[in-house]
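Student: sequence and computational prediction follow.
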Amino acid sequence: MKMNLLALSRSIHPKDNKNTVGMAAIPLTGFSKVTIPLNMQIGPGCEAIVAKGDQVEIGQPLGKPIGPWSVPVHASVSGQVASISEEILSDGSHAEYVTIIPDGLDTVSPLVKPPQIETKEDFIKAIRDSGLVGLGGAAFPTHVKLDPPADRPVDTLVVNAAECEPYITSDCLICNNGAPEVVEGILATCKWVGFDRVIIGIEDNKMESAKALKAAARAVKDDPRWPRDGISVKVLKTAYPTGAEKVLIRLLNGRIVPEGGLPCDIGVVVHNVSTLHFLARYLKTGMPLVTKVITLDGSAVATPGNFEVPMGAMIEEVIEKAGGTKTTPGKIIMGGPMMGIAVDDMTRPIVKHNNAILIFDEKEAELPEESACILCGRCIRACPMRLLPMSIDKAARGLDVKELNARHVQTCIECGSCSYVCPAKRYLVQNIRNGKALVEAAAASTEKGGKS
Amino acid sequence: MLHVSASPHLRDRVTTRSIMLHVIIALVPVIIASFFIFGLAGPMLFVFSAAISAGFEALSRMIMKREQTVGDLSAIVTGLLVAASLPANTPLWILIVGDFIAIVVVKQMFGGLGDNFANPAVTARIVLAVSFAGQLASYSVADKLLGIDLVTRATPLMIAKEGSQAIPSFMDLLLGNHAGCIGETSIAALLAGGLFLLLTGIIDLWAPLTFIGTTVLFTWATGADPVLHLMSGALILAAFFMVTDYVTSPTTIPGKIIFGVGAGLITGLLRIYSAMPEGVSFAILFMNILTPHIERWTAPTALGGVKHAKK
């Protein structure tokens, strides 16, 4: 029974399947090779500074940034560079990979040492050198977020611990075991960037994590870096997509990001809890982003759990080392079941913004058959951005760029709620994405002087 | 073989078929009540109409060479609602004409489920009432259950209009023990079905509440008996099963409110000032036609967006 008398929710409630809650992260080592993409972020990546045959050590940079948004990538194992190759991914984009054959010694590079920070510029540079990008899944370069333009003063740091995707528990694990480090990351950010207040948002299915964060915050109340209005932990009702940036900001302090804008337009910066956790560790140890804690779960996984894996490890090998599958996999998803990407090739590497690998059995992987839209309005009630998904879907199928713009297609955050609730099983998000591409293509051709 | 598809990779269990099945279940109390009020003729009309509608649906899809959709059960729902809007002594051939209009003309000729602009059952009811006014003017009730002794009586709304007989008691109105169409007399059965749809999240309260509220307020304001208008005619049947029709009513909350208030006003106007005793069907059909415009007026502003995007 799910009474919906007034239909006001604007969120959905898929079964959360947090089966791996409380499982410690088991480190996986001894990989036969790692393949590290030179671009694991939003914006341009790096160009290679190592060559085939070079000996590399853990933490050694493999590429240097090619733009102000780029961050370096680092070797996650010690060993020999076997190749630098270019590959075409399933979405048609190109990616450059550095393949390293590990020597099994795990030698740490002498370059790895805690950064010396005296000024804000030092801090921003150190964060960039660490290779840090938003670990919540978006892979937005952290140093860019920490250095908002001068005309966009920020006063509020929102820490995203919502982890609203089903299955994933890696952030929860970080909160449970590393809350003091999360708070240390917050304080360091407050010191160098300057925030009036810090709000940590977490869902009420992770009360243990919420308690750990509260206790860790209370313990540093007298720290000179403590923000003026304090660090608060706000427990939110479990619903999807609470952790979507714009939704979370609105739930925590009522501010609304203008359409097409960024949180810094309304004085807010959002960081994932695991991003801040890494930041604190990096400031202490100087070890760049070379491993990632991921949740491995799904109906075909033999032993679900959390695992710490080196960057660039092949999905196939991670699954094998983590206990393998119990049935034939039907679908493998990088990320959560709502926004994750279905993997076409088991040899794809683990990247910086991976937080889960889900393996569905063949039954769960079956694709539903589409039928006609019955205008039930479920997608409208589910849309956190107050869009009309079924109208955008129709416009996208009709290649109607004018209507797509009128329906604000670019505002869609692709959370997947509309497709989830659709009784006609329509591929709404897929068509909305096509619609976005159509609008972008039309805008590009208008710019070039062609007719739209 | 790995499946690759766009996210999301999870889907809710609700399907079009499961929604239609819920509506059918919600109509079961009404069908049962019809047996006690109208005798065997009641349930028989419901069953025949559902079967004939399903047949028309399957046949239309076959002739049009389009994918078969009879399995989504929407034709059964339409068939049941067509029957619900007819008196117990309706000849079978009129029923067949009604189902033909609903399924073939109103629904399939416009593209099938989701593409029809008007509610098939409501439109069929209007076409039948106008075309066969003579044949459908008498409303029978069963004198003996299982017997064929049907006596024709005036409906409460006819009585209110003509003032010829005594109005049924409150209890008779609640249970439906009076003349009328087979699916609309028993308020208790309709409430049970409506409650089921509300509790299972198939419908929400906005349109039914504003529709009923406006009709009752309007009739009360004009000096008529609001309880009689609330509890007789097609008001409650329409409130839970017709103004809540997904395809032909607005999708947003403000849209549902406009639809409900509009349909309520027209119902009240027709019931009080027109020559006809009942106005629910015309009111809904009119609002059906207005629905695309209501949708446009009430389209929500995207979060963080500017109101009324330029077209």
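Tutor: All right, it came through fine. Treat the numbers as computed from the prediction; the structure is a model and nothing was measured.

Student: give me the three-state assignment for A:I200.
Tutor: Using DSSP: H, G, I helix; E, B strand; the rest coil, the structure places A:I200 in strand.

Student: for it, list the residues it contacts.
Tutor: A:158-159, A:161, A:213, A:217, A:231-234, A:273 (Cβ atoms under 8 Å, 6 or more residues apart in numbering or on different chains). To be clear about C-beta, it is placed using only N, CA and C from the backbone, and glycine gets the same treatment.

Student: at 10 Å what do you get?
Tutor: Contact analysis of A:I200 by Cβ atoms under 10 Å, 6 or more residues apart in numbering or on different chains lists A:157-162, A:175, A:179, A:182-183, A:186, A:209-210, A:213-214, A:216-217, A:231-235, A:252, A:273, A:276.

Student: which of those residues count as buried?
Tutor: Buried members of the contacts of A:I200, counted by 16 or more other Cβ atoms under 10 Å in any protein chain shown: A:157-162, A:175, A:179, A:182-183, A:186, A:209-210, A:213-214, A:216-217, A:231, A:233-235, A:252, A:273, A:276.

Student: show me the contacts for the residue in the stretch 1-150 of chain B that chain A sits nearest to.
Tutor: Nearest residue of the stretch 1-150 of chain B to chain A: B:P8, at 3.1 Å (Cβ to the nearest Cβ). B:P8 makes contact with A:12, A:14, A:165-166, A:240, A:333, A:336-340, A:414-420, A:427-430 under the criterion Cβ under 10 Å, 6+ apart.

Student: most centrally placed residue in chain A?
Tutor: For chain A, the residue nearest the mean C-alpha position is A:G137 (0.8 Å; Cα atoms, centre = their mean).

Student: helix, strand or coil for the nearest residue to that residue once chain neighbours are set aside?
Tutor: Of all residues not flanking A:G137 in the chain, A:H353 sits nearest, at 5.3 Å (Cβ to Cβ, 6 or more residues apart in numbering or on different chains). Of the three states, A:H353 takes coil under three-state DSSP.

Student: next one: A:H353 from B:L303, what distance?
Tutor: As judged by Cβ to Cβ, to the nearest Å, A:H353 and B:L303 stand 24 Å apart.

Student: now swap in B:F170 and tell me
Tutor: Distance, B:F170 to B:L303, by Cβ to Cβ: 48 Å.

Student: ok, the two, which is more surrounded?
Tutor: A direct count of neighbours by other Cβ atoms under 10 Å in any protein chain shown for B:F170 and B:L303 places B:L303 higher, at 21 against 12.

Student: state the helix or strand in which that one lies.
Tutor: In the assignment (DSSP states H and E), B:L303 maps to no helix and no strand.

Student: next up, the contacts around it.
Tutor: B:L303 neighbours (Cβ under 10 Å, 6+ apart): A:10, A:246-247, A:250, A:256-259, A:383-387, A:408, A:411, A:413.

Student: of those residues, which pair is most distant in space?
Tutor: Greatest spacing in the contacts of B:L303, by Cβ to Cβ: A:R10 and A:P258 (18.6 Å).

Student: pLDDT score for the residue nearest the centre of chain B?
Tutor: Note on chain B: the residue nearest the mean C-alpha position is B:M242, at 3.5 Å, using Cα atoms, centre = their mean. Predicted confidence (pLDDT) for B:M242: 96.

Student: my guess is it meets B:G194, correct?
Tutor: No - using Cβ atoms under 10 Å, B:M242 makes no contact with B:G194, being 11.4 Å away.

Student: tell me, what's touching these two both at once?
Tutor: B:P208.

Student: about what we covered before: list the contacts for the residue nearest to A:G137?
Tutor: Taking Cβ under 10 Å, 6+ apart, we find A:H353 in contact with A:40-42, A:133-140, A:272, A:275, A:292, A:334-335.

Student: and those, which two are the farthest apart?
Tutor: Greatest spacing in those, by Cβ to Cβ: A:T275 and A:M334 (18.2 Å).

Student: closest to chain B out of the contacts of A:H353?
Tutor: Of all the contacts of A:H353, A:G335 has the smallest distance to chain B: 8.1 Å, by Cβ to the nearest Cβ.

Student: report the separation between the closest one and A:C373.
Tutor: Distance of A:G335 to A:C373, given as Cβ to Cβ: 28 Å.

Student: for chain A, what's its nearest residue on the stretch 151-300 of chain B.
Tutor: Checked against chain A (Cβ to the nearest Cβ), the nearest residue in the stretch 151-300 of chain B is B:T251, 3.4 Å away.

Student: OK, contacts around that residue?
Tutor: Neighbours of B:T251 in contact, by Cβ under 10 Å, 6+ apart: A:375-381, A:388, A:390-391, B:291, B:294-295, B:298-300.

Student: in helices, which of these fall?
Tutor: Secondary structure from DSSP state H places A:378-381, A:390-391, B:291, B:294-295 of these in helices.
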